[in-house]
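**Q** No letters, just coordinates:
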């Protein structure tokens, strides 16, 4: 289970002291820490090769373009895309989903069309569709969540019905860790001619993902959750879907020609990348892909399943603690939300930080519809990654026992 423990030496921040205690970072679902290989790759690019891409007829620009497009090719290979041209660089998952919502949705949705979402979605896979529905006259429908924290598919055929044009679903919940059956959902959606949009923010960094077999038309994810820099993410799309979309932004770089009254777009993916792109961030993301490839995503998944198993077992020992998520580690990711008696989640997080140096997330986790469905205002959430150890879980549990004492449970 600790076969990846040696990787911790690659993460400088994990040597930090917080409030007199060694940092225990358990908020990787929000953002991952960065290995020195990623930090140095981006810094080296700034030091020796930085220039704008695609535009300069000189050595530095050629080198920068090669590094930028090389990162795209690495990302495409990691997720099983058939071509680097299927990968659009964006600011992150939110920007990627908005690119589809506006670029595809505004052109293709009509009044009475249905957009199907699930109750477990992050706000970034709800709010864009609300905005587009308002502008197109499309209606929203939701797949509910059952008492086992998984999607309730008992009425799937009536929800994903004839007028369904879009199905948008997460590949893993950032609150409960539940992993929906994306392929089954995609089959149901495609049977009625709908487009499938997958929020892969909690999947691509943690699981082996093959977009060619997932069944989706679009998949979105963020670089900062997979050891890469912030400010960059990806949208994978089927070539025919990308071709039929309008660009979300207009400007330089995304055109093949501009006249006074009309313009022609550059080929995919560049028609979606207006202006100067996140060049150095792409280089850092490419280094993150190299790092993960060297480990192997199967090994990452095995480690996270094992550490989640250990965490669920240890957390079960804490009196008054309730875990809100699937109990079987094989059916979930490494985001574990919990409540502790009547202690507010923010108080739990504060005690853990001040007394144990443990960093967790507290709140609604940008998933208010799911929280309301669960009858909760907030939860505490510990989330894991390839650098998480059993000792860190032990520190979490020790801090929760301290919180019980402090608040008189």
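**A** Nice, I can see it. Keep in mind that what you see is a predicted model, and the values were worked out from it rather than measured.
**Q** and residue 2, what pLDDT?
**A** pLDDT for residue 2: 53.
**Q** what are the ranges of the strands in the stretch 1-150 of the chain?
**A** Secondary structure of the stretch 1-150 of the chain by DSSP state E, counting those that start in this stretch: the strands cover 17-18, 21-22, 24-25, 87-90, 114-118, 139-143.
**Q** need the ones you listed in a markdown table with mean pLDDT, can you?
**A** Below are those laid out as a markdown table (pLDDT from 0 to 100):
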| stretch | mean pLDDT |
| --- | --- |
| strand 17-18 | 96 |
| strand 21-22 | 96 |
| strand 24-25 | 98 |
| strand 87-90 | 98 |
| strand 114-118 | 98 |
| strand 139-143 | 98 |
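**Q** Would you mind finding the most buried of the ones you listed?
**A** With neighbours defined by mean count of other C-beta atoms under 10 Å, none of the strands of the stretch 1-150 of the chain is more surrounded on average than strand 87-90, at a mean of 26. Bear in mind the C-beta positions are built from the backbone N, C-alpha and C, glycine included.
**Q** Okay, now the sheet partners of that one, with direction.
**A** The strands that strand 87-90 pairs with in its sheet are strand 233-237 (antiparallel) (by DSSP bridges).
**Q** Under the pLDDT cut-off, which ranges of this protein? List them.
**A** With pLDDT under 70 as the threshold, the chain has low-confidence stretches at 1-2.
**Q** next one: stretch 47-62 to chain centre, how far?
**A** Put simply, stretch 47-62 sits 30 Å off its chain's centre (C-alpha atoms, centre = their mean, to the nearest Å).
**Q** With stretch 315-329 instead?
**A** On the basis of C-alpha atoms, centre = their mean, the separation between the geometric centre of stretch 315-329 and that of its chain is 24 Å.
**Q** Could you do stretch 49-65 as well?
**A** Here the centre of mass of C-alpha atoms in stretch 49-65, compared against the chain's by C-alpha atoms, centre = their mean, lies 30 Å away.
**Q** Next, the buried residues of that stretch.
**A** When neighbours are counted by 16 or more other C-beta atoms under 10 Å, the buried residues of stretch 49-65 are found to be 49, 50, 51, 53, 54, 61, 63, 64, 65.
**Q** what about the closest residue to residue 251 other than its chain neighbours, which SS state?
**A** The shortest distance from residue 251 to any residue other than its chain neighbours is 4.0 Å, reached at residue 274 (C-beta to C-beta, 6 or more residues apart in numbering). The three-state label given to residue 274 by DSSP: H, G, I helix; E, B strand; the rest coil is coil.
**Q** circling back: mind putting the strands of the stretch 1-150 of the chain in TSV, distance to residue 345 included?
**A** Below are the strands of the stretch 1-150 of the chain laid out as TSV (distance: least, C-beta to C-beta, whole Å):
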stretch	distance to residue 345
strand 17-18	19
strand 21-22	21
strand 24-25	17
strand 87-90	31
strand 114-118	23
strand 139-143	25
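**Q** To residue 392, which of those strands lies closest?
**A** Across the strands of the stretch 1-150 of the chain, residue 392 has its closest neighbour in strand 24-25 (4.5 Å, C-beta to C-beta).
**Q** List of residues touching the closest one?
**A** Among residues not part of strand 24-25, those counted as contacts by C-beta atoms under 8 Å, 6 or more residues apart in numbering are 13, 14, 33, 356, 357, 358, 359, 387, 392, 395, 396.
**Q** Repeat the analysis, applying 6 Å as the threshold.
**A** Contact with strand 24-25 is made by 357, 358, 359, 392, 395, as judged by C-beta atoms under 6 Å, 6 or more residues apart in numbering.
**Q** Out of those residues, the closest to residue 28 would be?
**A** When those are compared for distance to residue 28, the smallest value, 9.8 Å, is given by residue 359; criterion: C-beta to C-beta.
**Q** what number of residues lie near that closest one?
**A** Taking other C-beta atoms under 10 Å as the criterion, the count of residues near residue 359 is 18.
**Q** can you check residue 187 too?
**A** Using other C-beta under 10 Å, residue 187 has 13 neighbouring residues.
**Q** what separates it from residue 259, distance-wise?
**A** Separation of residue 187 from residue 259 (C-beta to C-beta, to the nearest Å): 44 Å.
**Q** hmm, back to that, I'd like the buried residues of stretch 49-65 written out as JSON lines, with distance to residue 142 added.
**A** Converted to JSON lines, the buried residues of stretch 49-65 look like this (distance: C-beta to C-beta, whole Å):
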{"residue": "49", "distance to residue 142": "47"}
{"residue": "50", "distance to residue 142": "46"}
{"residue": "51", "distance to residue 142": "47"}
{"residue": "53", "distance to residue 142": "41"}
{"residue": "54", "distance to residue 142": "42"}
{"residue": "61", "distance to residue 142": "48"}
{"residue": "63", "distance to residue 142": "48"}
{"residue": "64", "distance to residue 142": "44"}
{"residue": "65", "distance to residue 142": "44"}
